[in-house]
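Asker: 3D, please:
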Amino acid sequence: MSQTILIESSEDLKKIFALNLNTFVGTDVIHRKNADDTIELLRILPQVGLVITQAKVGTEETALKIYQFIKSENLAIAVIVLGTCKSISGEVMCLQEPVSWEILIKQAAEHLGVNLQDSIGKVRPDFLPVGVHYFYDISKTPCDVYIRIKKGPSEYQFVKRIHSKDVFDKASIQKYEDQGLKEFYIPKDYIQYFTTFVTNNLIQKLEREDLNIEERIIITANAHEIVRESIQAIGFDDASIELSDASINSMVKSVKNSPQVAELLKFLFSNKVSYSYQHCHLLALMCHYVLSKQSWYRPEHLETLSFVSFFSDVTLKSNSQMRISTMRDLNQSNLTDEEKRQVMTHAKDAVVLMANHPDANDYIKTVLIQSHGKIDGIGIEENPGEDLHPLSKVFIVSDVFVKILLNPSMPSSKKDILPILSARFTNASYQKIIKALEQKFQ
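Answerer: Residues are numbered from 1 along each chain as shown. Just a heads-up that it's a prediction; the model follows:
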């Protein structure tokens, strides 16, 4: 499905345009507020097919700024301007205001190569896929839920499996998963309602004080995967920001009360927690261990490093990418050139995404962009220098420790891992961090 960025200040028009673009043109609509937000997203999601934007947002020359960026980057992205923009009127489609949704849909369909008559006339599947893990932390749904059964080479039938009034538990959902089911299907008109329902349920659970450590880790891990999927699809929106905040707060609580690492690893593996969250949680834990031995430690430092742990790999698509910790790992991997490029730039790319998260302060952005030892966030520094932020140094050493710990082909005991760290990180401040791990981590 194509993706379209929409910049429209009117909430009513935003809803009308988005609904009809999705219904008749079959394009996913990503909302953005201005040119800067849009350009930052285009650096991460260059596969967007169309930008629909007001000519101006406030005093900003929004359409012009976006068009100039697209042209400078040689991106194959069409632009439709809502209103008059004389400076580029000969280069893009400008629709005179007030813009009717019918005209906008017609122009969007042409730019995206959609036959509008076929789109309107044919019977379209009215179901959207949702990963099984979305159902782990709910016991009912606000709508009926279906599975898809293949009837022929290109023909499918959608069969109702969960009614809107049914009550179920995680075990019943896992039975479907054990049979090979990866996705349920939700009626398209209910997808936003369903997503909001799941998000609100997760937030309510994460904010509970009576969760035991195992329950908190499992719920936070599920929320982490949902946030990752949402951000990789459309960037940050209000729902993903709210859910990520609740998840990070929950992770901090569980890190402060964590069992010994050996017990924690056994729990993470036995409960099939994703590699991305295993790495995220253990990384925050190692950072906490190191911070607790520093004379300059303040509680907000753990919050900063937990935030960075949660989002450090958010733009990476696979476990193979997330396991990389050296340039040698990268060069010897079976990743494609594009996947290697994503690894090389993912620290910088994550900082770009953080521009749309209201809690991403300068400390967080600094540690995030330096998370692989490079000041500009591009590449991996094998033996970073002393010019990095102290919190960045804690993060970097902890990150490599966790990646070795989670690698089945590498040593799994502290006694064997610490010498590897000492040989790699030779500068004095990094050696002190390794000593802190040696003292605290049992």
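Asker: Show me which helix runs longest in this protein.
Answerer: Secondary structure of the chain per DSSP state H: the longest helix is helix 213-234.
Asker: What are the buried residues along that one?
Answerer: By neighbour count, with 16 or more other Cβ atoms under 10 Å as the criterion, the buried positions of helix 213-234 are 213, 216-228, 230-231, 234. C-beta here means a position set from N, CA and C on the backbone, and glycine is covered the same way.
Asker: pLDDT on that helix, on average?
Answerer: Helix 213-234 shows an average pLDDT of 89 in the prediction.
Asker: Contacts made by the helix or strand immediately after that helix in the chain with the rest, please.
Answerer: For helix 213-234, the succeeding helix or strand toward the C-terminus, using DSSP states H and E, is helix 238-256. By Cβ atoms under 8 Å, 6 or more residues apart in numbering, the list of residues contacting helix 238-256 from outside reads 195-196, 199, 202-203, 206-207, 213, 216-217, 219-220, 223-224, 226-227, 230-231, 280-281, 284-285, 288, 302-303, 306-307, 309-311, 357-359.
Asker: ok, back up a step: could you tell me the angle between the longest helix of the chain and helix 238-256?
Answerer: Helix 213-234 and helix 238-256 meet at an angle of 150 degrees, taking axes from the mean of the first three to the mean of the last three Cα atoms, to 10 degrees as the criterion.
Asker: by contact count, what packs against helix 213-234?
Answerer: The elements that helix 213-234 packs onto, with contact taken as 3 or more Cβ pairs under 8 Å, 6 or more residues apart in numbering; DSSP states H and E, are strand 27-31, helix 191-206, helix 238-256, helix 261-270, helix 275-291.
Asker: most neighbours per residue, which of the ones you listed?
Answerer: Each of the helices and strands packed on helix 213-234 was assessed for mean neighbour count using mean count of other Cβ atoms under 10 Å. The highest is helix 275-291, with a mean of 24.
Asker: Any idea how far it is from the middle of the chain?
Answerer: When distances are taken as Cα atoms, centre = their mean, to the nearest Å, helix 275-291 is centred 18 Å away from the chain's centroid.
Asker: For that helix, give the mean pLDDT please.
Answerer: Mean per-residue pLDDT for helix 275-291: 93.
Asker: can you check stretch 333-347 too?
Answerer: Throughout stretch 333-347, pLDDT has a mean value of 90.
Asker: now swap in stretch 175-182 and tell me
Answerer: Here the mean pLDDT over stretch 175-182 is 89, rounded to a whole number.
Asker: Ignoring the adjacent residues along the chain, who's closest to the spatially most central residue of the chain?
Answerer: When the chain is reduced to its mean C-alpha position, the nearest residue by Cα atoms, centre = their mean turns out to be residue 228, at 2.9 Å. Across the structure, with Cβ to Cβ, 6 or more residues apart in numbering as the measure, the residue nearest residue 228 apart from its sequence neighbours is residue 314 (6.0 Å).
Asker: any weak-confidence spans in this structure?
Answerer: Along the chain, segments meeting pLDDT under 70 span 1, 116-125, 152-155, 440-442.
Asker: got the domain boundaries for it?
Answerer: Domain segmentation of the chain under automatic domain parsing yields 2-121, 127-193, 207-440.
Asker: what comes into contact with stretch 370-384?
Answerer: Stretch 370-384 is contacted by residues 308, 312, 324-327, 330, 344-345, 347-351, 368-369, 387-389, 392-393, 395-396, 399, 424-427, 430 when judged by Cβ under 8 Å, 6+ apart.
Asker: list the buried ones in it?
Answerer: In stretch 370-384, residues buried by neighbour count (16+ other Cβ under 10 Å) are 370-374, 377, 379-380, 384.
Asker: and if you look at stretch 433-442?
Answerer: Using 16+ other Cβ under 10 Å as the burial criterion, the residues of stretch 433-442 that qualify are 433-434, 436-437, 441.
Asker: Out of these, flag the one nearest to residue 167.
Answerer: Comparing the buried residues of stretch 433-442 against residue 167 with Cβ to Cβ picks out residue 441 as the nearest, at 43.2 Å.
Asker: which residues of the stretch 301-442 of the chain fall in helices?
Answerer: Ranges of helices within the stretch 301-442 of the chain are 319-322, 327-332, 337-354, 362-369, 390-405, 414-424, 428-440, based on DSSP state H, counting those that start in this stretch.
Asker: What lies in contact with the shortest one?
Answerer: For helix 319-322, the external contacting residues (Cβ under 8 Å, 6+ apart) are 275-276, 279, 313, 316, 333-335, 339, 342-343, 346.
Asker: For residue 99, which non-adjacent residue is spatially closest?
Answerer: residue 82 (5.2 Å).
Asker: Run through the bridge partners of that neighbour.
Answerer: With DSSP bridges as the criterion, the beta-bridge partners of residue 82 are residue 54, residue 95.
Asker: Tell me how far it lies from residue 308.
Answerer: 38 Å (Cβ to Cβ, to the nearest Å).
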